[in-house]
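Q: pasting the sequence and the predicted model now:
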Amino acid sequence: MTKLSVNINKIATLRNARGGDRPNVVQVAKDCERFGAQGITVHPRPDERHIRYRDVYDLHEIVTTEFNIEGNPTPDFLRMVLDIKPAQVTLVPDAPDAITSNAGWDTIRNKDFLKDIIHKLKESGIRTSIFVDPDLSMLEGAAAVDTDRVELYTEAYASGYHQNRDAAIATYVQASEKAAELGLGLNAGHDLDLDNLKYLKDNLLNLQEVSIGHALVCDALYFGLENTIQLYLRQLQ
Ligand SMILES: CC(=O)[C@@H](O)[C@H](O)COP(=O)(O)O
Ligand SMILES: NCC(=O)COP(=O)(O)O
């Protein structure tokens with residue numbers, strides 16, 4: 001089974017546009033779960049332009065499915081996740097000024113840094129995942145830092161899907177096989193949508209979870225949140 005974790009960063013972006021509390025991110029998270037989401041993902045950034053640290057604490061109180069907190073492991077981020085102890089923390093190497101995540105970790109160059117953080121998170125009972133490109137040496141590096149899972153950065157797959165989906169998925173299939181061989185759990189995310197999701201799910205070995213935000217929230221404008229979540233869940237059957 002591949003779980004759907006809904007990334008609600010874009011809900012916070014909409015709220016922040018007016019400075020009030022509409023839409024209310026806690027209520028949206030509750031509703032995503034009520035409509036069938038099997039997890040809630042947030043990705044706080046240092047400038048809090050999307051989800052805020054306060055939101056993450058508030059969400060921790062109410063999320064009853066799997067709470068996945070993604071982010072660059074700055075001291076503030078680590079303090080927060082070690083305090084909250086969510087089900088999963090996904091480490092992402094995004095620069096503070098990046099519009100969105102745009103690369104996976106270099107797990108070889110950052111070996112000691114990642115190993116130390118992963119050890120601290122696992123010691124606190126938190127499942128770890130690290131964001132990586134579908135590069136076999138990066139997966140070997142991920143196994144060497146003892147992470148529980150990797151999240152494959154799917155931007156390249158998504159952008160190549162409509163031109164040639166076989167070519168777009170090839171490295172991801174190899175990466176999923178490598179992850180299985182190395183005993184790493186497998187998540188995937190970034191730019192997944194109603195067009196490209198099923199083919200990814202059908203072709204990757206042991207895909208345990210996808211986190212989807214941007215396209216899902218855009219689709220919800222047309223189909224409504226409940227219908228949209230059901231449409232995504234259907235792609236994962
Ligand atoms: C790691 C990843 O790909 C997502 O967390 C992505 O960064 C979504 O976050 P935004 O919607 O805030 O860009
Ligand atoms: N980890 C990926 C994620 O949470 C959502 O990415 P996107 O669907 O907003 O591109």
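A: It's in. Residues are numbered from 1 along each chain as shown. Ligands and ions are numbered 1, 2, ... in the order given.

Q: C-alpha from now on. contacts and neighbour counts both.
A: Will do.

Q: tell me which parts of the chain are close to ligand 1?
A: Asn9, Lys10, His43, Val92, Thr100, Ser101, Gly189, His190, Gly213, His214 (Cα under 6 Å from any ligand atom).

Q: make JSON lines out of these and add pLDDT.
A: Formatted as JSON lines, the residues of the chain next to ligand 1 follow (pLDDT from 0 to 100):
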{"residue": "Asn9", "pLDDT": "97"}
{"residue": "Lys10", "pLDDT": "97"}
{"residue": "His43", "pLDDT": "97"}
{"residue": "Val92", "pLDDT": "97"}
{"residue": "Thr100", "pLDDT": "86"}
{"residue": "Ser101", "pLDDT": "86"}
{"residue": "Gly189", "pLDDT": "98"}
{"residue": "His190", "pLDDT": "98"}
{"residue": "Gly213", "pLDDT": "98"}
{"residue": "His214", "pLDDT": "98"}
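
Q: highest neighbour count among those?
A: His43 (25 neighbours; other Cα atoms under 10 Å).

Q: is stretch 69-77 anywhere near ligand 2?
A: No - Stretch 69-77 lies apart from ligand 2 when judged by Cα under 6 Å from any ligand atom; the minimum separation is 7.2 Å.

Q: surely Gln38 and Met1 touch.
A: No - if you go by Cα atoms under 8 Å, Gln38 and Met1 don't touch, sitting 10.9 Å apart.

Q: which of the two has more residues huddled nearby?
A: With neighbours defined as other Cα under 10 Å, Gln38 and Met1 compare such that Gln38 has more, 19 against 10.

Q: quick one: contacts for the more buried one?
A: Neighbouring residues of Gln38 by Cα atoms under 8 Å, 6 or more residues apart in numbering: Lys3, Leu4, Ser5, Val6, Thr65, Glu66.
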